[in-house]
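>>> Sequence unavailable; structure follows:
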């Protein structure tokens, strides 16, 4: 038996899994509000309060940087220690993964309805695979072939400097430099980046901001769903422009990863945003933005690009990692 976890600033998802039955058929699965607990140990105590059995191994995908066997979570005041959890809950093996590394571990197991192919390309067998996840932030990871399986590697590529490729993107960078100083791709290509794009478009004066939209903005804490939804549904030109700019910048991020890791095995889009704007990603300008790489344009066209539709990819990836390492010393 294994325990898999997807630990984020908003929710913690835990699943007890029998590997024989499969990771998508958990014996028990529960969702917790992360902010209701002082630590991961508190969540685990609640999960196991009526169950004296213990798994043989556990693996947790975490939004944070792993250092050894410990992790300070990014959006929670939790210090997670694998050895402490192992001792307190009598779990022989406890593994910690970066959340995008967990998603990457799931990629080799995705099939059929788990994916939507945006560009079929010409994949190379056992080629390097890239994973990009625009959600609240912008996560990146990649996989390399070891000779008998894929090994997933974490990355902080979402925090590299934003590199404009059009006059409009250059103006966006100049606007955000005054606000933030250093501007990463995450500042413009994530859920948290959507309001930054919107504020830039307001500042240009090129678009009218409808009164109904201003009123809705005043009455919401998270502006991203409002901006993205109004753009996707074509309710307001300023929101359409924000979505268009986001999509083209995301295309650039994908092309960059294709070049950096030579992702001939394909690039997979995870995170919460791509499935919500899938029809917009199927438009021609998105693929054009991916391929806008000068002399490498034709080469980039051969890289397959797919959207991950499995909403629990991080949880399932953590489960696969625990299964693959059962019995390791």
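On my side now, so go ahead. Values in this document were obtained by computation on a predicted structure and should not be read as measured data.
>>> What ranges in this protein fall below the confidence cut-off?
329 (pLDDT under 70).
>>> pretty sure residue 168 contacts residue 248?
No. Residue 168 lies out of contact with residue 248 (C-beta atoms under 8 Å); the separation is 9.0 Å. Yep, even glycine has a C-beta here, placed from its N, CA and C like the rest.
>>> Compare neighbour counts for those two and give me the winner.
The residue with more neighbours, out of residue 168 and residue 248, is residue 248; 20 against 17, by other C-beta atoms under 10 Å.
>>> And that one, how close does it get to residue 165?
Distance, residue 248 to residue 165, by C-beta to C-beta, to the nearest Å: 8 Å.
>>> Over to residue 79?
40 Å.
>>> same thing with residue 224?
Counting by C-beta to C-beta, the gap from residue 224 to residue 165 is 23 Å.
>>> repeat for residue 21
Taking C-beta to C-beta, one finds residue 21 at 48 Å from residue 165.
>>> Could you check which of these two is surrounded by more residues?
Neighbours were counted for residue 21 and for residue 165 using other C-beta under 10 Å; residue 165 has more, 15 against 10.
>>> So the more buried one sits against residue 292, correct?
Yes. Contact criterion C-beta under 8 Å: residue 165 and residue 292 qualify, at 6.3 Å.
>>> Next, show the common contact partners of those two.
Common contacts of residue 165 and residue 292 (C-beta atoms under 8 Å, 6 or more residues apart in numbering): residue 252.
>>> If you count neighbours, what's buried in stretch 55-74?
For stretch 55-74, burial by neighbour count (16 or more other C-beta atoms under 10 Å) applies to 55, 57-64, 66, 71, 73.
>>> Between the two ends of it, how far is it?
Start-to-end span of stretch 55-74 (C-alpha to C-alpha, to the nearest Å) is 27 Å.
>>> Same check on stretch 261-277?
For stretch 261-277, the end-to-end distance is 26 Å (C-alpha to C-alpha).
>>> Report the distance from that stretch to the chain centre.
In terms of C-alpha atoms, centre = their mean, to the nearest Å, the centre of stretch 261-277 is set 9 Å apart from its chain centre.
>>> quick check, residue 132 in a strand?
Yes. Counting by DSSP: H, G, I helix; E, B strand; the rest coil, residue 132 is located in a strand.
>>> list the contacts for residue 27?
Residues near residue 27 by C-beta under 8 Å, 6+ apart: 1, 16-18, 21.
>>> contacting residues around stretch 311-327?
In contact with stretch 311-327 (C-beta under 8 Å, 6+ apart) are residues 2-6, 13, 15, 17, 19, 23-24, 56-61, 93, 95, 97, 99, 101-107, 109-110, 149, 152, 270, 275, 310.
>>> ranges for the strands of this protein?
Remark: strands assigned in the chain by DSSP state E are 2-7, 11-17, 28-33, 57-62, 64-67, 70-73, 79-81, 93-98, 115-119, 129-134, 138-145, 150-155, 266-269, 305-308.
>>> other SSEs contacting the fifth one?
Going back to what we said before, that points to strand 64-67. Under the contact criterion of 3 or more C-beta pairs under 8 Å, 6 or more residues apart in numbering; DSSP states H and E, strand 64-67 touches strand 70-73, strand 93-98.
>>> quick one on the thing from earlier: any idea which of the buried residues of stretch 55-74 is closest to residue 158?
Closest approach to residue 158 among the buried residues of stretch 55-74 (C-beta to C-beta): residue 63, at 11.8 Å.
>>> The closest one touches residue 72, doesn't it?
No. Between residue 63 and residue 72 there is no contact under C-beta under 8 Å: 10.6 Å.
>>> Run through the bridge partners of the residue nearest to residue 150 when sequence neighbours are not counted.
Spatial nearest neighbour of residue 150, chain neighbours left out: residue 143 (4.3 Å); criterion: C-beta to C-beta, 6 or more residues apart in numbering. According to DSSP bridges, the residues that bridge with residue 143 are residue 129, residue 152.
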